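this one's sequence-less:
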Ligand code: UFG
């Protein structure tokens, strides 16, 4: 299969490219390197420098002939999206429409979207399945929902086939050490914990200790990026064989608290990792846990590498070399 990854030089995209390469597919990466890294682009991948807002360049690269497009090129900081929605509407929504319409024009009718648990908003019940109402609490989550709605329309009107993969908390690094370039300016919990462990930050702040959870800190569903990557390969095969659209959650189904993550990181890195409790972060739900039963049913997918040990160890392997 010939697969083109938009945003394939980013943290998740690099792992997705490895999963396709491991299966023997032909992989192309289209990226503007704003947060991705050229050093993470694997040997054998054809790299196209470009921005998704550049319709001419997108069209030129798509004209080379691809069986499936994977769209991982987006802005993803939920907090920032509330302050600068204009940026998110342009890049995430308009940018996605450029990709969708150009894919159709080029005859690349299979489309995989990196979507997010942020499409659900505050959970009404747990674990969250795909029937859960979608009421995003931040503009970022809304942009993902808007793209999904457009995918449905372009499927109905123009025959596009799509799979939207709603990631929960992506974490971890390739266990074989094939990805060594760190994400640029990460704002997520585990990278911040790691930056304290290597001395790049003096301490970290745990946002809130008064949630209604086992230890008062927020619960999240951390899913190993290699597990996520495998789901893209399964989704590409699904689209090719079943010719049916798909919207699925991808999570481990296990809820882990912030304190448990910090504790595991201390144990596995042997570092002190100074932390203090701070204010709650606006927009943070207390608990987010996925049901991935549909992904299992449709794709035969289950998280396999997503236990905390694996996630922390594989991340530490990359961070400890940064000193
Ligand atoms: N946290 C801290 N201190 C920090 C950073 C994070 O206590 O310095 C806490 C957060 O408050 C939250 C948990 O750690 O309770 C996880 O936070 P992240 O920022 O790592 O992840 P989020 O759950 O906020 O969001 C992530 C992605 C979103 C995606 C969501 C799906 O960034 O894009 O997971 O669950 F939508």
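Thanks, I have it. These numbers come from a predicted model, not from an experiment. Residues are numbered from 1 along each chain as shown.

tell me which element residue 183 falls in.
Element membership for residue 183, per DSSP states H and E: none, as it lies in no helix or strand.

so it touches residue 10, yeah?
Yes - Residue 183 is in contact with residue 10 according to C-beta atoms under 8 Å; the separation is 7.4 Å. Yep, even glycine has a C-beta here, placed from its N, CA and C like the rest.

what do the two both touch?
Shared contacts of residue 183 and residue 10, defined by C-beta atoms under 8 Å, 6 or more residues apart in numbering, are found at residue 35.

what's the longest helix in the protein?
For the chain, the longest helix by residue count, based on DSSP state H, is helix 139-158.

So for that helix, what gets flagged as buried?
By neighbour count with 16 or more other C-beta atoms under 10 Å, helix 139-158 contains the buried residues 139-148, 150-151, 154-155.

ditto for stretch 215-225
Per 16+ other C-beta under 10 Å, stretch 215-225 contains these buried residues: 216-225.

Just give me the closest of those to residue 244.
Nearest to residue 244 out of the buried residues of stretch 215-225 is residue 223 (C-beta to C-beta; 23.6 Å).

Quick check, that closest one in contact with residue 250.
Yes - look at residue 223 against residue 250 with C-beta under 8 Å: they come within range, at 5.9 Å.

what's the overlap in contacts for those two?
167-168, 290, 303.

mind listing which of those residues are in strands?
Taking DSSP state E as the definition of strands, those contribute residue 167.

so which of the shared contacts of residue 223 and residue 250 comes closest to residue 273?
Taking the shared contacts of residue 223 and residue 250 together and measuring to residue 273 by C-beta to C-beta, the closest member is residue 168, at 23.4 Å.

how about the nearest residue to that closest one once chain neighbours are set aside, what does it touch?
Counting by C-beta to C-beta, 6 or more residues apart in numbering, residue 168 lies nearest to residue 251, which is 3.6 Å off, once chain neighbours are set aside. By C-beta under 8 Å, 6+ apart, residue 251 lies in contact with 117, 127, 167-169, 221, 223, 289-292, 303.

Just the element for residue 261, please.
Per DSSP H and E: helix 258-269 holds residue 261.

averaged over its residues, what pLDDT does that helix have?
Mean pLDDT, computed over helix 258-269, is 98.

cool, stretch 151-160 as well?
For stretch 151-160, mean pLDDT is 98.

Distance from the chain centre to it, please.
23 Å (C-alpha atoms, centre = their mean, to the nearest Å).

What of stretch 65-74?
14 Å.

Can you confirm whether it lies near the ligand?
No - Stretch 65-74 is not in contact with the ligand by C-beta under 6 Å from any ligand atom; minimum separation 9.5 Å.

Give me the distance between the two termini of that stretch.
With C-alpha to C-alpha, to the nearest Å applied, stretch 65-74 spans 23 Å between its terminal residues.

in it, what's buried?
Those would be 66-74, for stretch 65-74 by 16+ other C-beta under 10 Å.

show me where this protein has strands.
Counting by DSSP E, the chain has strands at residues 2-6, 26-31, 46-49, 68-71, 110-116, 161-167, 169-171, 204-207, 219-220, 222-224, 246-250, 256-257, 275-278.

list the helices and strands the third one packs on?
Judged by 3 or more C-beta pairs under 8 Å, 6 or more residues apart in numbering; DSSP states H and E, the packing partners of strand 46-49 are strand 26-31.

Give the partner strands of the strand it packs on in its sheet and their orientations.
Taking DSSP bridges as the criterion, strand 26-31 sits next to strand 2-6 (parallel), strand 46-49 (parallel) in its sheet.

My guess is residue 138 contacts residue 82. True?
Yes - counting by C-beta under 8 Å, residue 138 does reach residue 82; the two are 5.6 Å apart.

more crowded one of those two?
residue 138 (19 against 15; other C-beta atoms under 10 Å).

Tell me who's in contact with that one.
78-79, 81-82, 118, 283.

measure it to residue 62 for me?
Distance of residue 138 to residue 62, given as C-beta to C-beta, to the nearest Å: 31 Å.
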